[in-house]
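Trainee: take this sequence and fold it.
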Amino acid sequence: RFRNVTGVQTCALPICNSVKAVIDAYNGTTTFYLAEPNDPIALTMANIFPALFRPLGEMPTGLRQHVRYPEDIFAIQSAVFATYHMTNPGVFYNKEDQWQVPVVNAGERSAQPIQPYYTIMKLPGEGREEFIQMLPFTPRLKDNLSAWMVARSDGEHYGRLRVYQFPKQSIVYGPSQIEARINQDQTISPQITLWNQQGSTVNFGTLLVIPIEESLLYVRPLYLRSSTGKIPELKRVIMAYGNKIVMAETLTRALRS
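Mentor: Next up is the predicted model:
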């Protein structure tokens with residue numbers, strides 16, 4: 001079962017996302033909105049140039065709905081939190097509960113750490129879907145999933161971070177384990193091998209980890225790129241839920257399988 005272990009403010013680290021700049025594409029007018037009113041550097045600039053910043057609340061609703069929490073800041077925060085979530089000095093010193101970002105195969109490229117990705121979902125305990133950025137964690141030098149971290153972007157929750165941790169006694173498949181099961185599947189694996197031999201190359205999209213109640217749904221798009229072309233085409237969607245793995249032409253068909 002998921003456990004919400006922390007909530008962090010936007011400026012939990014010295015690196016902040018304090019100002020949002022909006023450029024009018026028609027006339028080039030630039031407007032700066034102050035998203036973190038307690039940032040000392042932004043406050044100093046506001047004292048020097050009183051008319052420079054406008055409150056974030058004055059941003060037009062149509063723009064405010066599309067404000068996203070920055071990927072770079074979230075990646076830094078998640079990297080730091082993977083170690084500094086340990087609050088017990090002994091555990092911290094021995095790194096007994098250190099986390100790491102899972103590594104998965106990216107097709108033509110070598111194995112790469114999963115990058116934070118945006119999605120729309122309803123967080124545990126919340127009443128509606130919202131636009132978030134998330135990243136899963138595994139224990140250091142292990143492959144099972146231990147936690148996942150979320151950065152929220154909607155409304156009054158903008159800049160809030162949440163971490164949902166799995167109980168230590170539970171074993172939840174991690175991304176690399178799901179990838180291994182896909183490669184071992186008697187239906188999927190031969191098809192991928194065949195596509196890689198017919199003048200085309202198989203490329204995998206982002207492996208999405210989608211929490212559903214107390215379980216996880218893994219979704220990964222599969223693209224084919226011709227050896228003479230540069231634009232990949234979505235060919236299949238691979239989905240894993242519990243002990244079941246399916247591959248279908250579309251997400252809808254995969255869900256129905």
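
Trainee: and stretch 126-141, average pLDDT?
Mentor: Across stretch 126-141, the average pLDDT comes to 91.

Trainee: cool, and stretch 59-72?
Mentor: The model assigns stretch 59-72 a mean pLDDT of 88.

Trainee: would you mark the buried spots in stretch 29-47?
Mentor: Judged by neighbour count (16 or more other CB atoms under 10 Å), stretch 29-47 contains these buried residues: 31-36, 39, 42, 45-46. (Glycine included, C-beta is placed from N, CA and C.)

Trainee: make sure residue 104 is indeed in a helix.
Mentor: No. Counting by DSSP: H, G, I helix; E, B strand; the rest coil, residue 104 is located in no helix; its state is strand.

Trainee: ok, back up a step: including distance to residue 22, could the buried residues of stretch 29-47 go into a markdown table?
Mentor: Below are those laid out as a markdown table (distance: CB to CB, whole Å):
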| residue | distance to residue 22 |
| --- | --- |
| 31 | 5 |
| 32 | 8 |
| 33 | 7 |
| 34 | 12 |
| 35 | 12 |
| 36 | 16 |
| 39 | 18 |
| 42 | 16 |
| 45 | 17 |
| 46 | 17 |
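
Trainee: in the residues you listed, find the pair that's most separated.
Mentor: Within the buried residues of stretch 29-47, two members stand farthest from each other by CB to CB: 31 and 39, at 17.7 Å.

Trainee: show me what contacts residue 22?
Mentor: Taking CB atoms under 8 Å, 6 or more residues apart in numbering as the criterion, residue 22 is in contact with 30-33, 59, 63.

Trainee: mind checking which of those land in strands?
Mentor: Among those, the ones falling in strands (DSSP state E) are 30-33.

Trainee: reformat these as a markdown table; add distance to residue 143 and pLDDT.
Mentor: Shown next, in a markdown table, are the ones in strands among the contacts of residue 22 (distance: CB to CB, whole Å; pLDDT from 0 to 100):
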| residue | distance to residue 143 | pLDDT |
| --- | --- | --- |
| 30 | 47 | 95 |
| 31 | 47 | 95 |
| 32 | 45 | 95 |
| 33 | 42 | 93 |
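
Trainee: in the chain, which strand has the most residues?
Mentor: Under DSSP E, the chain gives strand 215-226 as its longest strand.

Trainee: I'd like the next helix or strand past that strand.
Mentor: strand 233-241 (DSSP states H and E).

Trainee: next, the angle from that next one to strand 215-226.
Mentor: 160 degrees (axes from the mean of the first three to the mean of the last three CA atoms, to 10 degrees).

Trainee: would you map the helices across this protein?
Mentor: Here the chain has its helices, by DSSP state H, at 40-48, 61-64, 71-84, 89-94, 175-184, 188-195, 251-256.

Trainee: ranking those helices by burial, who's on top?
Mentor: With neighbours defined as mean count of other CB atoms under 10 Å, the helices of the chain peak in mean count at helix 175-184, which reaches a mean of 18.

Trainee: count the residues that sit near the residue lying closest to residue 171 once chain neighbours are set aside.
Mentor: Using CB to CB, 6 or more residues apart in numbering and skipping residues adjacent in sequence, the residue nearest residue 171 is residue 144, 5.4 Å away. Using other CB atoms under 10 Å, residue 144 is surrounded by 15 other residues.

Trainee: count of neighbours near residue 124?
Mentor: 16.

Trainee: I misspoke; the intended subject was residue 127.
Mentor: When neighbours are defined as other CB under 10 Å, residue 127 has 7 of them.
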